[in-house]
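Peer 1: Pasting a predicted model and its sequence here:
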Amino acid sequence: MPFESYSVDVTVSEDVPASTNLYISPIGNGRLSGTQFYGGIQTQADGNTRSDPRLQRIGPGFLMSMWGERSLDAIRPSQGGFFQSSGHEGNFVSVRRPYAWNKGKYTYRVVKMDKQMVDGKPATWVGAFVYCHEKNENIFVGALRFKGENLVLERKIASFIEIYGSRKPVDQIPKLVVTFGNLKVNGEALTAPAVEAIYPEGVPDYAEAKAGEKSVVIEVGKPVENRVKRKVQLIGG
C-alpha cells in the first residue's frame, strides 16, 4: 500500500551521559521505494547550518538520514535545527535537531509530507517527528526529499543500539534497558510482526534482546557469556 507514516515507540530506562556516544535507532535500516534511510536518538549529534558550514557538535538530539543524495536542496531542517551532507559513510543527507532527552518514553515517526517536481520527475518530502510522552511534546526533526511519488515502505526494517566513535573500555558501556514496541504503519498497529535479533561478529557481547509483550526488550551493559547464536528468532518467523 502507499506509504503515509511509520512509527515506533522507544522506552529508555536510564539517563545516559553524553560521553557514552550512544545511538538508539528505532528505524535503523529502512527503505522507501528502494532509498535507504534511518533515524533515531543520539547522545552526541553534529551538523552545520547554511549560515555556518563548519561541522559543529550539538550534543544530545534526534536525527534522520537518507542515502544516495548530496544535494542541499533535498534537506529541510527544522527551525533552529542542523543538517549534514557528506560522503564519509557513502553519500547521504541528514537532518539533526538538538534536544536534551533523558530516560522515558518516545515515539519516533516518519510521515509523508508534500510533493515536488525535480527536473520533471516527482519527489516526496518525508518528515521525522519525535513525541516525548513525559513532556507531552512533539518535536519536528526535519524533512528529506525522497525520489518518487507513491513511496512504498519495504517489509523488513531494522532497529539497533550502537556505541559509536572510537573504541572504549567495555566498563564504560552504559547499563540500561531499551524497549521497542507499538509499531504502526499508516497509523495501524502491526498484527503479527516477525522479529530476529542479530549480534554482529567481533562486537563485544554486552547486549541481550528478548521478546516482551508486543515488544522487544534490549538489556545493554551486562556481559553475555559464551554466546553461540548470532541470529536468534524472538517473535514469529
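Peer 2: Right, received. Where do you want to start?
Peer 1: what helix or strand is Q44 on?
Peer 2: Element membership for Q44 (DSSP states H and E) is strand 35-47.
Peer 1: C-alpha coordinates for that strand, PDB please?
Peer 2: Extracted in PDB, the C-alpha atoms of strand 35-47 (Å, rounded to 0.1, in the frame of the first residue of the first chain):
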ATOM      1  CA  THR A  35      16.000   4.500  -0.900                       C
ATOM      2  CA  GLN A  36      17.700   3.600   2.400                       C
ATOM      3  CA  PHE A  37      17.200   5.800   5.400                       C
ATOM      4  CA  TYR A  38      17.500   5.600   9.200                       C
ATOM      5  CA  GLY A  39      16.800   7.800  12.200                       C
ATOM      6  CA  GLY A  40      16.900   7.900  16.000                       C
ATOM      7  CA  ILE A  41      18.100   9.300  19.300                       C
ATOM      8  CA  GLN A  42      21.700  10.200  19.900                       C
ATOM      9  CA  THR A  43      23.800  11.500  22.800                       C
ATOM     10  CA  GLN A  44      26.300  13.400  20.700                       C
ATOM     11  CA  ALA A  45      24.900  14.600  17.300                       C
ATOM     12  CA  ASP A  46      26.700  17.000  15.000                       C
ATOM     13  CA  GLY A  47      25.800  19.100  12.000                       C
END
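Peer 1: who does it touch, helix- and strand-wise?
Peer 2: Applying 3 or more C-beta pairs under 8 Å, 6 or more residues apart in numbering; DSSP states H and E, we find strand 35-47 packed against strand 22-32, strand 56-67, strand 82-86, strand 92-98, strand 104-118, strand 121-132, strand 137-147. Every residue, glycine included, has its C-beta placed from N, CA and C.
Peer 1: what angle do that strand and strand 137-147 make?
Peer 2: 130 degrees (axes from the mean of the first three to the mean of the last three C-alpha atoms, to 10 degrees).
Peer 1: I'd like the mean pLDDT over strand 35-47, please.
Peer 2: Model confidence over strand 35-47, given as mean pLDDT, is 96.
Peer 1: looking at the helices and strands packed on strand 35-47, which is closest to S5?
Peer 2: Closest to S5 of the helices and strands packed on strand 35-47, according to C-beta to C-beta: strand 104-118, at 4.6 Å.
Peer 1: pLDDT of the closest one, averaged?
Peer 2: Mean predicted lDDT for strand 104-118 stands at 97.
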